[in-house]
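# Show me how the following folds:
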Amino acid sequence: MTNEVLQAILSRRSCKKYKADPVPAEIIDAVIEAGLYAANGMAKQSAIILAVTDKATRDKLSALNAKYDPLKRKDPFYGAPAVLPVIADKSVPTHVYDGALVMGNMMLAAHALGIGSCWIHRAKEVFEDEEGKKILADLGVTGEYEGIGNLIIGYPEVEPTPAAPRKENRVYRI
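Sure thing, here's the model as predicted:
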């Protein structure tokens, strides 16, 4: 059985090399809208999305992320021209799950629109850092938020490799 949604789920891959070309605002907005419609616990909509297309801010976030990168990459955002950090309200018990669903929806939407994406970790560390807190404060974001993930997006430099075979013994039927 196939349909467009299932095909997108099966064919989406993380992109780790991007062209410098900017992503049009209408595509970014469509990706964000998909994130805003993610399922969420108790209808709290605890996650918020930061749309970062300004190169200086993007580079600042990348450098801050690199500070916590165990692999010490110079640009952990792989040259992607835009980043969509997702943070979520810590007072909501399901905030981490809510944010993860937002990230998943946005990755699928980006793929469906011909845009590469990759979930970059360390958003938690970035937005617990004083510099990350200042970025939020400068945006007027108040409250206690936890960084969930950074979704980098852009046009892929190379075609993605096919999915690896799925591991066995990951489903048990009762």
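# where does this protein dip in pLDDT?
For the chain, the stretches with pLDDT under 70 are 1-2.
# ok, longest strand in it?
The longest strand of the chain (DSSP state E) is strand 145-154.
# Remind me what that one packs against, helices and strands.
In terms of contacts (3 or more C-beta pairs under 8 Å, 6 or more residues apart in numbering; DSSP states H and E), strand 145-154 is packed against helix 25-36, strand 82-89, helix 95-112, strand 116-120, helix 123-128. Heads up, the C-betas are built off the backbone N, CA and C, glycines and all.
# OK, contacts around the residue positioned nearest the centre of the chain?
Taking C-alpha atoms, centre = their mean as the criterion, residue 151 is the residue nearest the geometric centre of the chain, at 2.1 Å. Neighbour list for residue 151: 31, 83-86, 103, 106-107, 110, 117-120 [criterion: C-beta atoms under 8 Å, 6 or more residues apart in numbering].
# Also residue 103?
So, once contact is read as C-beta under 8 Å, 6+ apart, residue 103 ends up touching 35, 86, 119, 148-149, 151.
# Now do the longest strand of the chain and strand 116-120, the angle between them.
Counting by axes from the mean of the first three to the mean of the last three C-alpha atoms, to 10 degrees, strand 145-154 lies at 150 degrees to strand 116-120.
# Tell me which strands strand 145-154 pairs with, and in which orientation.
When sheet partners are counted by DSSP bridges, strand 145-154 sits next to strand 82-89 (antiparallel), strand 116-120 (antiparallel).
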